[in-house]
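> here are the coordinates; sequence isn't available:
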């Protein structure tokens with residue numbers, strides 16, 4: 001079998017990929033964290049909470065019930081009585097622009 005040795009170009013490409021990967025990782029670690037969670041139902045703002053305060057709030061609407069929690073600067077939906085529960089499985093959010101959406105309940109939690 002004829003195997004070629006690693007060339008200088010291969011080494012440059014490997015180093016470039018590693019440096020780019022580290023840069024992306026560091027950028028995500030130091031990206032801007034938001035300072036408030038804005039909760040809307042059917043495009044109407046129903047609540048705004050500072051991410052520095054721990055909060056557990058039940059949001060009851062004509063569409064259903066969601067429990068939104070803020071804990072240690074992160075916001076998440078801990079309960080939803082909708083049938084799919086995608087908003088609960090979305091996990092925690094804390095950075096500007098991140099959001100959790102519950103389509104059946106027309107609920108959006110967005111970090112600003």
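That came in fine, so what should we check first? If you're wondering where the values come from, they're calculated on a predicted model, not measured in any experiment.

> could you pull out the helices for this structure?
8-29, 86-89 (DSSP state H).

> which one of those helices lies closest to residue 73?
Residue 73 lies closest to helix 8-29 among these, at 14.5 Å (CB to CB). C-beta coordinates here come from the backbone N, C-alpha and C atoms, glycine included.

> ok, and for the closest one, which residues are buried?
Neighbour counts over helix 8-29 (16 or more other CB atoms under 10 Å) mark no residue as buried.

> For residue 74, see how far away the residue sitting nearest the centre point of the chain is.
Of all residues in the chain, the one closest to the mean position by CA atoms, centre = their mean is residue 93, 3.6 Å from it. Residue 93 sits 7 Å away from residue 74, going by CB to CB, to the nearest Å.

> which stretches of this protein have low pLDDT?
1-2, 28-33 (pLDDT under 70).

> mind putting the helices of the chain in a markdown table, distance to residue 56 included?
Shown next, in a markdown table, are those (distance: least, CB to CB, whole Å):
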| stretch | distance to residue 56 |
| --- | --- |
| helix 8-29 | 28 |
| helix 86-89 | 14 |
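
> so which of these comes closest to residue 54?
Per CB to CB, nearest to residue 54 of the helices of the chain: helix 86-89, 18.6 Å.

> Give the other helices and strands that that closest one contacts.
If you count contacts as 3 or more CB pairs under 8 Å, 6 or more residues apart in numbering; DSSP states H and E, helix 86-89 packs onto strand 74-80, strand 99-102.

> Now tabulate the ones you listed in TSV and tack on mean neighbour count and distance to residue 20.
As requested, the helices and strands packed on helix 86-89 are exported to TSV (neighbours: other CB atoms under 10 Å; distance: least, CB to CB, whole Å):
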stretch	mean neighbour count	distance to residue 20
strand 74-80	20	28
strand 99-102	20	27
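
> Residue 89 is nearest to which of the ones you listed?
Distance to residue 89, taken as CB to CB, is lowest for strand 74-80 among the helices and strands packed on helix 86-89, at 9.0 Å.

> For the closest one, what is the distance to the chain centroid?
The chain centre lies 11 Å from the centre of strand 74-80; the measure is CA atoms, centre = their mean, to the nearest Å.

> Which strands or helices does that strand pack on?
The contact analysis (3+ CB pairs under 8 Å, 6+ apart) places strand 74-80 against strand 65-71, helix 86-89, strand 99-102, strand 107-111.
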